[in-house]
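> Fold the following for me, if possible:
(chains A and B, ligands or ions: 3)
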Amino acid sequence: MDKLQSQSGSQNPLNKEKIIVSAITIRFAGDSGDGMQLTGDQFTDTAAVMGNDFATLPDFPAEIRAPVGTLPGVSSFQIQFSESIIFTPGDYSDVLVAMNPAALKVNLTNVKKNGMIIVNESVFNEVNLKKAGWKVNPLLDGTLQNFQVLKVPLSELTQNSLKDLPLKLSEVERCKNFFALGIVFWLYSRTLDHTTTWIRNRFAKRPEIANANVVAMNAGYNYADITEILQTQYEIRKADLEPGVYRKITGNEAAAIGFIAAAQLAGKTLFYGSYPITPASNILHDLAKHKHFGVKTFQAEDEIAAVGSAIGASFGGELGITGTSGPGICLKSEAINLAVMAELPLIVIDVQRAGPSTGMPTKTEQTDLLQVMFGRNGESPIAIVAPKTPSDSFQMAIEAARLAITFMTPVVFLSEGNIANGAEPWKLPALEDLPKIAVKHAEPGATPFLPYERDPGTLARKWAIPGTKGLEHRIGGLSKADLTGNVSYDPENNQKMINLRAEKINRIANYIPEAVVEGPSTGKLLVLGWGGTYGAIYEAVRNLRAENKTVAHTHLNYLNPFPKNLGDILRRFESILIPELNMGQLLFLIRAKFPGVHTVGLNKVQGQPFRVAEVEEKIRLLL
Amino acid sequence: MSSEVKDFNHKVAPDWCPGCGDFGLLAGLKKALPSVSLETHDVMVVSGIGCSSNLPGFINTYGLHTLHGRSLPIAQGFKLANHKMTVVAVGGDGDGYGIGVGHLVHAMRRNIDMTYLVMNNSIYGLTTGQTSPTSGFQMKTKSTPFGNPELPLNPLTLALGSGCGFVARVYTGHVTQLIDIVQKAIKHPGFALIDTFSPCVTFNKINTHQYYKENVKDINKLGHNPSDLYAAFREATREDCITTGIFYQSDRPCYEASEEETLREPLFAHKLGISREEETALMAEFV
Ligand SMILES: Cc1ncc(C[n+]2csc(CCOP(=O)(O)OP(=O)(O)O)c2C)c(N)n1
Ligand code: SF4
Ligand SMILES: [Mg+2]
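Ligands and ions are numbered 1, 2, ... in the order given. Purely as a prediction, here's the structure:
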């Protein structure tokens, strides 16, 4: 928390001071049933409304309701909000809101030294302390001596504030997260307007519940205002964002909207075949809401059927998309290869989660890169793109569609759990500024239609829309004869077709932006990242450069093929540091593709993103 | 415009063994399509993998020869994208009742309008003669040299129990009955399953042409009422003879009927873009 300036003497009779700070990280933590994700979302929405930049990190268990009060049942939500441009949810929090002893236990290591901890004192009883594994009550011994602790009897205070309302005790209990939110809103000089409206809409059918939540939130706010323990209120000014209309967006929302936009840009309707899986499911939910905008969603009986339906839709003339996470990619591999052979546009969304096998479904990782690159039988090159932040998912969704259609190929959109669920502000683009996606449809002619005739530039074949007289053709997964697409076992032909498909994917490099170096274009160290490590690397490099250290950063959105200048860039640096949330997958590809380049990995597979400090420390070691 | 059988002939000749039952099915299909006023560009034939699944390569329509067991998901996605096309899925018993049976159950329950022809030879033909889900109990095959220890699956009762709205069976050597049933299946608005006895002359010496010629009985000629589901179950489980014909046909609405708004036009041909009012509403929801 950087103190910028201090304003004394507010109108407040208690004469509380108000301090302006540049950035704050808050972590809300409680039981899965305590509504922490919702509380965090509301805080985030308000940050968006108040014009801050922000980034969030929802972190929740896979179980819907793990046993109450236990460590595995803890759900948390971290947000960093700021007056300057940021890309990470913050390494450590300035404030932890702990709704029970388990939440305190799990999250204590995430709080900055001298940071504030707000606890629900009401539930620090023997039973709960035991469930959370505290031998002694941490509120009473020295455990929290390095923090400013705000012990609030949240349950009682909430009950008290709602005592005149006709509610059951269990309903009253459920309002305490809004009491806590009220406290934090006061602490950071937030407006209550957005959340008040939200609560009223959300509980429109049960006005008494809506009312109780609003009352609880205001009671929390007023409590903070008058309690003597809180002597300081903080303010975080608007960020200097480019002018425009902004909204909060998660990666999955941005992907869904991006694919709808992409289909419209191509003049196509969108078909989404999917089977539910964390953390990809809400793309299906989002798209399902938009059936009036040229979107057809299809919940298939399994992942194989999901990808199959998308391939069928593509052959039928729609933009076929399927979405899943790693385990679903395993099931889809065979069908992705069918789209490779049939040369049909197909977008495969892989929102990566911690593996192997079922792994840690709600936790993030980048461990599917080599799977999507190589995990199919035969010579099977496909394109891979990856968003680097939640809002970047919009742009990369459009890119995935552009490449799939232009090159008549499967394209993997490789997202990550934290991008999918994390949120940041997104400036609504002007649709007319987005370039159209040109589709080359086959037209019937005087001579028989040749499905595998190729564009000399892209090497893509044309998309023939079934139902057109004169374009009847039959293709499939058996080796294809050049031009006619008939089944062929001719050895030379097979070699030729495999070469052509490989070359087609290579040529994508001529149609994507070159990689960019942030910082010096040559020197000792380049940090090379891909996907969701962007924020941590960006901030680490920025911090070090502020100390006059020389270090550069290149971030990849395109993983197959690589941007064509990548080799040149890498060769200009003595060492390349590759931080990844896997055990060295991009590093493996870079070493294979650019022998002689000196690469060093920074690897982590804990289901958690990099902290900025981890990246910084590694860079320092290498400088 | 009308079309003729010869329009559906394709340059590529079938690669089946002489005498293979699949020839009968191909011939019947090529006759049935023009007889219900379909032209070559109106028809999409989708298959899985197997000898029988090679069929799309031998008929001049749109065709996609897909993966073992996966014809139905692909056919359904296709149909939703381009639903004015007539979709015919074809394959073998291994393809449809073995590896792909999960998809079959859901396709029948979902009831997207298409016709599924299974060339059931009670054997894995293409992989040279292993036991299949419809091979008889104790049948000796390459993979069951001491006899098949498993009981066969009954595709008809599976279909009847899965909500399939059109359930039929025919021997591919009985071309007139085959054509008649295929015509009715194509006209049926919903998912239609036709299990066809299509003998493999090379690897199955039990379920032969001779065997079917001698043992099948057309239940429709014997007075079966296809709207009676319980009678259909009875006919499908008879042990005194092998029954063929239309076992069951219901007027249950197809999937497309409940998605009328989305599917009024083939999806790929939808007019895109939104009106000012829609835009305003969307933005309000959005920001
Ligand atoms: C995923 C996969 N597994 C196995 C095979 C091998 N395979 C090809 S066809 C076939 C069985 C074919 O039997 P059926 O579907 O009854 O067709 P038929 O050849 O008898 O017409 C098998 C097992 C394959 N192609 N793909
Ligand atoms: S092996 Fe059997 S099923 Fe395959 S083509 Fe020959 S006869 Fe037909
Ligand atoms: Mg068979």
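
> Share the number of residues neighbouring the closest residue to B:V43 other than its chain neighbours, please.
The shortest distance from B:V43 to any non-neighbouring residue, by Cβ to Cβ, 6 or more residues apart in numbering or on different chains, is to B:T61 (4.0 Å). No exception for glycine: its C-beta is placed from N, CA and C like everyone else's. Counted with other Cβ atoms under 10 Å in any protein chain shown, the neighbours of B:T61 add up to 26.

> ok, now how distant is B:T61 from ligand 3?
23 Å (Cβ to the ion, to the nearest Å).

> gap between that residue and ligand 1?
According to Cβ to the nearest ligand atom, to the nearest Å, B:T61 and ligand 1 sit 20 Å apart.

> Pretty sure that residue sits against B:V46.
No - in this structure, B:T61 is not within contact of B:V46 by Cβ atoms under 8 Å, at 10.3 Å.

> Quick check: closest non-adjacent residue to the residue of the stretch 451-600 of chain A found nearest ligand 2.
For the stretch 451-600 of chain A and ligand 2, the shortest gap (Cβ to the nearest ligand atom) falls at A:V487, measuring 14.6 Å. Nearest residue to A:V487, sequence neighbours excluded (Cβ to Cβ, 6+ apart): A:L478, at 4.6 Å.

> for the one you found, what are its contacts?
By Cβ atoms under 8 Å, 6 or more residues apart in numbering or on different chains, the residues touching A:L478 are A:341, A:487, B:65.

> In what element of secondary structure is the residue of the stretch 301-450 of chain A found nearest ligand 3 found?
Ranked by Cβ to the ion, the top residue of the stretch 301-450 of chain A for proximity to ligand 3 is A:E334, at 19.9 Å. For A:E334, the host element (DSSP states H and E) is helix A:326-342.

> I'd like the next helix or strand past that helix.
Using DSSP H and E, the first helix or strand after helix A:326-342 is strand A:346-352.

> Return the list of helices and strands in contact with that following strand.
helix A:251-265, helix A:303-315, strand A:319-324, helix A:326-342, helix A:392-407, strand A:410-416, helix A:417-421 (3 or more Cβ pairs under 8 Å, 6 or more residues apart in numbering or on different chains; DSSP states H and E).

> Listing partners with orientation, what would you give for that strand?
Note on strand A:346-352: by DSSP bridges, its sheet partners are strand A:319-324 (parallel), strand A:410-416 (parallel).

> I'd like the distance from it to the chain centre, please.
Going by Cα atoms, centre = their mean, to the nearest Å, the spacing between the C-alpha centre of strand A:346-352 and its chain's C-alpha centre is 13 Å.

> what comes up buried for the next helix or strand after that strand?
Next along the chain after strand A:346-352, taking DSSP H and E as the criterion, comes helix A:369-374. Within helix A:369-374, the residues scored as buried using 16 or more other Cβ atoms under 10 Å in any protein chain shown are A:369, A:371-373.

> neighbouring contacts of stretch A:426-434?
Contacts of stretch A:426-434 (Cβ under 8 Å, 6+ apart): A:241-242, A:244-249, A:254, A:261, A:264-265, A:390-391, A:394, A:398, B:286-287.

> rerun at 10 Å
A:48, A:241-250, A:253-254, A:257-258, A:261-262, A:264-265, A:389-395, A:398, B:273, B:279, B:283, B:286-287 (Cβ atoms under 10 Å, 6 or more residues apart in numbering or on different chains).

> Endpoint to endpoint, that stretch covers what distance?
15 Å (Cα to Cα, to the nearest Å).

> circling back to that earlier point, and for B:T61 and B:V46, which residues touch both?
Going by Cβ under 10 Å, 6+ apart, residues that sit against B:T61 and also against B:V46 are B:V88.

> For residue 61, give me its contacts.
All of this refers to chain A. Contacts of A:P61 by Cβ under 10 Å, 6+ apart are A:31-32, A:70-76, A:360-363.

> The intended chain is chain B.
A:466, A:472-474, B:7-8, B:10, B:29-30, B:33, B:38-45, B:85-86, B:88.

> Just the closest residue of the stretch 151-300 of chain A to ligand 2, please.
A:A300 (29.6 Å).

> isn't that residue right up against A:I311?
No - A:A300 lies out of contact with A:I311 (Cβ atoms under 10 Å); the separation is 11.7 Å.
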